[in-house]
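1. my questions are about this predicted structure, shown below with the sequence.
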Amino acid sequence: MITKEEAHDILKKYLGKKRRDYVTISPVNEIQLKENKKILYGDHESEYLTVYIAGYSTLWGVEERGVVVYIAAETGDVLYSLSSHGWVEELE
């Protein structure tokens, strides 16, 4: 299982890879570990996994909005990103 610090690094690398601009990113101590969380989207949809939940904020027009990112704790894979408009992966 990865650590919170590794989840933080994975998030930063993922944002860079996806070329997502952000204003703030969750500090390590605010990243949450959730066990048996139902996955709502993607390849693991409807499965129950242990995940790290981290977030970042980005500018959408003149507003700053939050995005939540789910990272599989066992593998370090980014599962999906969720904003107030839905799955960010579908907006890219």
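-> The structure has been received and is ready for your questions.
2. on the strand side of things, show who residue 37 bridges to.
-> residue 49 (DSSP bridges).
3. thinking it is in contact with residue 48, fair?
-> Yes. Residue 37 lies in contact with residue 48 (CB atoms under 8 Å); the separation is 6.7 Å. All C-beta spots, glycine's among them, are computed from the backbone N, C-alpha and C.
4. looking at these two, which is more packed in?
-> Just comparing residue 37 and residue 48: by other CB atoms under 10 Å the higher neighbour count belongs to residue 37, 19 against 11.
5. pull out the buried residues from the helix or strand encompassing residue 34.
-> Following DSSP states H and E, one finds residue 34 within strand 32-38. Going by neighbour count (16 or more other CB atoms under 10 Å), the buried part of strand 32-38 is 33, 37.
6. can we start the residue count at 175 from this point?
-> Shifting the count to begin at 175 puts that one at strand 206-212.
7. and it, what does it pack against?
-> Applying 3 or more CB pairs under 8 Å, 6 or more residues apart in numbering; DSSP states H and E, one finds that strand 206-212 contacts strand 222-234.
8. which element follows the strand it packs on toward the C-terminus?
-> Remark: after strand 222-234, the chain's next helix or strand is strand 237-246, criterion DSSP H and E.
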